[in-house]
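J.: sequence first, predicted coordinates after that:
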Amino acid sequence: MGNGKTYDYVIVGAGSAGCTLANRLTEDAGVRILLLEAGGWDRDPWIRIPLGWGKLLEKRLHDWGYFSEPEPRLNGRRIECARGKVIGGSSSINAMGYVRGNRGDYERWARSGLTEWSYAHALPYFRRQESWEGGADAYRGGDGPMKTRFARFVDPLNVAYMAAAQEAGFPLTDDYNGAQQEGFGHSQTTIHNGLRFSGADAYLRPALPRRNLTLETDAFANRIVFDGSRAVGIEYERNGEVVVARADREVLLCGGVINSPQLLMLSGIGAPDELQAHGLQVKVPLDGVGKNLQDHLSVGIEFRRREPGPFYRMMRLDRIALELGKAYFLGTGSATELPGGCMGFIKTDLSLDMPDVQMLFRAIPLGAGPYLPPFKSGYADGFGTRAVLLRPESRGRLRLTSSNPRAAVAIHQNFLATDKDWATLRAGIRRLRDICKQAPLKPFVAGETAPGDGKDSDAELDAHIRATAATAHHPLGTCKMGIDADATAVVDPELRVRGVERLRVVDAAVMPDLIGGNINAAVVMIAERAADLIRGRETLAVENV
């Protein structure tokens, strides 16, 4: 085993949170940072080109390759759980949606005892993280690291879909990350100059020239090193050599919802009976590690299109090759966008305080794979829209399968464990159908292909859900943040792991429950605020709007 160097902070994971911390902590020139990433660099053109997202997902590129255990209420299917194993983490392989969640999510956190994670506390960090194309206002940031903008995919179907939603009785919103989330609006993305703009682009690359930052790729963390109750470093493997890097101040876990709790358990922090079953010595008994797993489950309906749309025509082999080249080298053309452009947040029950279903729209067939070009047999143009269950009651968990760090944990998502979750998802499908029956969409719709015209009973919709429901790729919660009175909490409100010193978790694992939307923006918000806490700085002043 080699002895590595000594740093002030060792950060495990170069995803959105790790890149944010590396940037903010190295602003202090006297602080030495080591950032470890198990994957490699993010130079693959499929990462850089926005349209490449379909290829990344289909082929599981730059991904840990995780799948759930067979899900009992989804026909025993193993549900994929794509998590980024690359510089930029999941922000390098996601669909580039920029969503903050609902104000009420953070107010719920505050009511649970996390008083300094209210919306008023979170908003200044959302504003600090972004450069919104519309400029700064009370809700949006204008000069932050993350470039955000409206989607620019052009298809008359987008206009018709928005009009149909309005005719179905749903409101429109100018900015679902602003004053009003509820309603349908234009999608917002992390695309800049025609290319994906990941957490690495926003935070890591500007920090790389700093002499106090050391980055090591292909560095696989094995365990946390302790001196008594203090975390003092990380043991990791790189190029066949096992190295221990020392941390004089803190060890910061940013490995994500699956890898951070796994590393805690491998290091002796977790439920004693589960650790002992794998021959691991218990350092700190924390029953909550790996539990409280939550994710957004989604299910779609699909339609045939009367006439081929612009994406279908663009995907002819000679045309798409040109478009991919234009996107990668020039940042122009059709491959700089995903084939969508609309998003909605609706209440399936008007008595609700906030939307409980997210509507995702895609101007291509949902059932044809990520992007199946028309030169393959059996392709007919269509479009699909998905209902996402935003705040499920169901809770899953992770289990160690071995004391070997290279052995993946068992992921039990436990989707749809309650009647309410089933009822909400069914209601979401029916609301989607209401929209797609409206007059503005009639010129585009040639018929419903899934679940199929006339299939509207609870039993028929349930069968469709069991056979087709999939993750929206927003897992969180396995190192839950909470107050002392919460026995299930793994970290305190300053993200410090309970029972040990100088160890924090800063990633989606700490989120106590699901927010209403994609989670990457919230992860960056958490990391931005964590950076101030770690540096001992006064946090940004609350903003009540």
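T.: Yep, that arrived.
J.: and the helices in the stretch 301-450 of the chain, which stretches?
T.: Secondary structure of the stretch 301-450 of the chain by DSSP state H, counting those that start in this stretch: the helices cover 310-314, 317-330, 419-436.
J.: and the second one, C-alpha only, in CSV?
T.: These are the backbone C-alpha positions of helix 317-330, laid out as CSV (Å, rounded to 0.1, in the frame of the first residue of the first chain):
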residue,chain,number,x,y,z
LEU,A,317,-28.5,8.6,-42.0
ASP,A,318,-26.8,11.2,-44.3
ARG,A,319,-28.5,14.1,-42.5
ILE,A,320,-27.9,13.0,-38.9
ALA,A,321,-24.2,12.4,-39.5
LEU,A,322,-23.9,16.0,-40.7
GLU,A,323,-26.0,17.3,-37.8
LEU,A,324,-23.8,15.5,-35.2
GLY,A,325,-20.7,16.9,-36.8
LYS,A,326,-22.1,20.4,-36.8
ALA,A,327,-23.1,20.1,-33.2
TYR,A,328,-19.8,18.8,-32.0
PHE,A,329,-17.5,21.1,-33.9
LEU,A,330,-19.7,24.3,-34.4
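J.: so what secondary structure elements neighbour that helix?
T.: With contacts taken as 3 or more Cβ pairs under 8 Å, 6 or more residues apart in numbering; DSSP states H and E, helix 317-330 sits against helix 45-48, helix 310-314. Heads up, the C-betas are built off the backbone N, CA and C, glycines and all.
J.: between the helices of the stretch 301-450 of the chain, which gets nearest to residue 45?
T.: Ranking the helices of the stretch 301-450 of the chain by proximity to residue 45 (Cβ to Cβ) places helix 317-330 first, at 5.1 Å.
J.: nearest spatial neighbour of residue 327, skipping sequence neighbours?
T.: Nearest residue to residue 327, sequence neighbours excluded (Cβ to Cβ, 6 or more residues apart in numbering): residue 335, at 3.8 Å.
J.: how near is that neighbour to residue 161?
T.: Per Cβ to Cβ, to the nearest Å, residue 335 is found 22 Å from residue 161.
J.: these two: which has the busier surroundings?
T.: Higher neighbour count among residue 335 and residue 161: residue 161, with 27 against 22, using other Cβ atoms under 10 Å.
J.: per-residue confidence at the more buried one?
T.: Predicted confidence (pLDDT) for residue 161: 97.
J.: repeat for residue 485
T.: Confidence score, pLDDT, at residue 485: 89.
J.: what helices or strands is the lengthiest strand in the chain leaning on?
T.: Secondary structure assigned by DSSP state E gives strand 241-253 as the longest strand of the chain. Contacts defined by 3+ Cβ pairs under 8 Å, 6+ apart place strand 241-253 against strand 2-12, strand 33-36, strand 220-227, strand 230-238, helix 256-266, strand 503-505.
J.: distance to residue 282, mean pLDDT and mean neighbour count added to the ones you listed, as a markdown table?
T.: Listed next are those as a markdown table, based on distance: least, Cβ to Cβ, whole Å; pLDDT from 0 to 100; neighbours: other Cβ atoms under 10 Å:
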| stretch | distance to residue 282 | mean pLDDT | mean neighbour count |
| --- | --- | --- | --- |
| strand 2-12 | 21 | 90 | 20 |
| strand 33-36 | 25 | 98 | 26 |
| strand 220-227 | 12 | 98 | 19 |
| strand 230-238 | 16 | 98 | 21 |
| helix 256-266 | 10 | 98 | 27 |
| strand 503-505 | 16 | 99 | 27 |
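J.: so which of the ones you listed gets nearest residue 58?
T.: Once the helices and strands packed on strand 241-253 are compared by Cβ to Cβ, helix 256-266 is nearest, at 20.9 Å.
J.: pairing partners for the helix or strand just after the closest one, with directions?
T.: Scanning forward in sequence from helix 256-266 by DSSP states H and E, the next helix or strand is strand 269-270. The pairing partners recorded for strand 269-270 under DSSP bridges are strand 284-285 (parallel).
J.: which strands and helices sit next to the helix or strand just after the partner strand?
T.: Sequence-wise, the next helix or strand downstream of strand 284-285 (DSSP H and E) is strand 291-293. Where contact means 3+ Cβ pairs under 8 Å, 6+ apart, strand 291-293 is packed against strand 396-399.
J.: ranges for the strands of the stretch 401-545 of the chain?
T.: 410-412, 445-450, 470-471, 503-505 (DSSP state E, counting those that start in this stretch).
J.: Provide a list of residues in contact with the closest residue to residue 172 other than its chain neighbours.
T.: Spatial nearest neighbour of residue 172, chain neighbours left out: residue 183 (5.1 Å); criterion: Cβ to Cβ, 6+ apart. Residue 183 makes contact with 170-173, 176, 344-346, according to Cβ atoms under 8 Å, 6 or more residues apart in numbering.
J.: just the buried ones out of those, please.
T.: When these are checked for burial by 16 or more other Cβ atoms under 10 Å, the buried set is 170, 173, 176, 344-346.
J.: which pair of these spans the longest distance?
T.: Spanning the widest gap among the buried ones among the contacts of residue 183 are 170 and 176, at 12.3 Å by Cβ to Cβ.
J.: deepest-packed of the strands of the stretch 401-545 of the chain, please.
T.: strand 503-505 (a mean of 27; mean count of other Cβ atoms under 10 Å).
J.: mind checking how far that one is from the chain centre?
T.: 20 Å (Cα atoms, centre = their mean, to the nearest Å).
J.: also stretch 515-533?
T.: 11 Å.
J.: using CSV, list the CA coordinates for it.
T.: Provided in CSV are the C-alpha atoms of stretch 515-533 (Å, rounded to 0.1, in the frame of the first residue of the first chain):
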residue,chain,number,x,y,z
ILE,A,515,-38.5,17.4,-4.5
GLY,A,516,-41.0,18.1,-7.3
GLY,A,517,-38.8,17.7,-10.3
ASN,A,518,-35.3,16.9,-11.6
ILE,A,519,-32.7,17.0,-8.8
ASN,A,520,-29.4,18.2,-10.3
ALA,A,521,-30.1,21.9,-9.6
ALA,A,522,-30.9,21.0,-5.9
VAL,A,523,-27.7,19.0,-5.6
VAL,A,524,-25.7,22.0,-6.7
MET,A,525,-27.6,24.2,-4.3
ILE,A,526,-26.8,21.9,-1.5
ALA,A,527,-23.1,21.8,-2.4
GLU,A,528,-22.9,25.6,-2.8
ARG,A,529,-24.3,26.0,0.7
ALA,A,530,-22.2,23.2,2.1
ALA,A,531,-19.1,25.0,0.8
ASP,A,532,-19.9,28.0,2.9
LEU,A,533,-20.5,25.8,5.9
